[in-house]
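> quick check, what structure comes out for this input:
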Amino acid sequence: MPSASRVNGDYTTPEAGRIAVVGNGPLSTYVRGKIRTFDVVARFNKMDNFEPGEPVTLLYLRFNEDAMAFYGLEMALQFCAPTVALVYERKHAESAKRAGNLLIDRMVLDVYEEFEGIPYPGDHLPYPPYSNKERRVPSTGFFGLHHVMKIYRSATVHLFGFTWHGWKWHDWDYEKRQIMHYAKEGRVVVHSE
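Modelled structure (predicted):
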């Protein structure tokens, strides 16, 4: 029986010419056409704005501790992204292993919920956030964007469908400020149409 290829730790990949990171916000027909021109298209969780037939080459799924499952796994199984990145705290490695076993014939990347040198508001408070009303956690898109920038080190990443609002435990204002800072540095291009 075929199985997934697992990649633990640092993962590097050959440089791609054009990279799109697609958030779960609304997308116009025009933007959907632009996204089709990219070599790598990364998406997140349930891919709320995804339409069958659209490209997805890298899908990030976040572990949901309440459900003890990866959010969006059913989408990953239904639409065959060749690479699936499982985002989780290291203590959930066994759940990640079980999820990876379902992703037959895919490359499975382990992306730990850790940032090196990138502060996030409330880092000094206990994790997960529910124990303290001030504690926030990075969104899957924020983790995914940083992972994409790490594995495609010299590429400019184009962002689509980022609205910076949603689940209350993410600090959307902070994430937007940080990403706009990357845009000023020329590391990302934020498309707002």
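
> where does the prediction get shaky in this protein?
Within the chain, the segments meeting pLDDT under 70 span 1-16, 66-67, 80, 115-117, 122-135, 193.

> select the longest helix from it.
helix 172-185 (DSSP state H).

> residues near Phe79, how many?
15 (other CB atoms under 10 Å). Placement of C-beta: from N, CA and C, glycine included.

> now the spatially most central residue of the chain, what are its backbone angles?
The chain has Gly144 as the residue nearest its centroid, 3.0 Å off, counting by CA atoms, centre = their mean. Dihedral pair for Gly144: phi -60, psi -40, per degrees, to the nearest 10.

> ditto for the one 10 residues further on
Backbone geometry at Ser154, expressed as degrees, to the nearest 10, gives phi -100, psi 0.

> check contacts around the residue nearest to the centre of the chain.
21, 42, 44, 60, 85, 87, 111 (CB atoms under 8 Å, 6 or more residues apart in numbering).

> ok, for it, nearest residue in space, not its chain neighbours?
With CB to CB, 6 or more residues apart in numbering as the measure, Tyr60 is the residue that lies nearest to Gly144, at 4.0 Å, once sequence neighbours are left out.

> what are the ranges of the helices in the chain?
For the chain, the helices defined by DSSP H cover 29-35, 73-78, 93-102, 140-151, 172-185.

> tell me which of the ones you listed sits nearest to Ser192.
The closest of the helices of the chain to Ser192 is helix 29-35. By CB to CB, the value is 9.7 Å.

> how about that closest one as PDB, C-alpha atoms only?
The C-alpha coordinates for helix 29-35 follow below in PDB (Å, rounded to 0.1, in the frame of the first residue of the first chain):
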ATOM      1  CA  THR A  29     -12.600  35.900 -10.800                       C
ATOM      2  CA  TYR A  30      -9.700  38.100 -11.900                       C
ATOM      3  CA  VAL A  31      -7.600  37.200  -8.800                       C
ATOM      4  CA  ARG A  32      -8.400  33.500  -9.300                       C
ATOM      5  CA  GLY A  33      -7.000  33.800 -12.800                       C
ATOM      6  CA  LYS A  34      -3.800  35.400 -11.500                       C
ATOM      7  CA  ILE A  35      -3.300  32.700  -8.900                       C
END
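
> thank you kindly, that will do.
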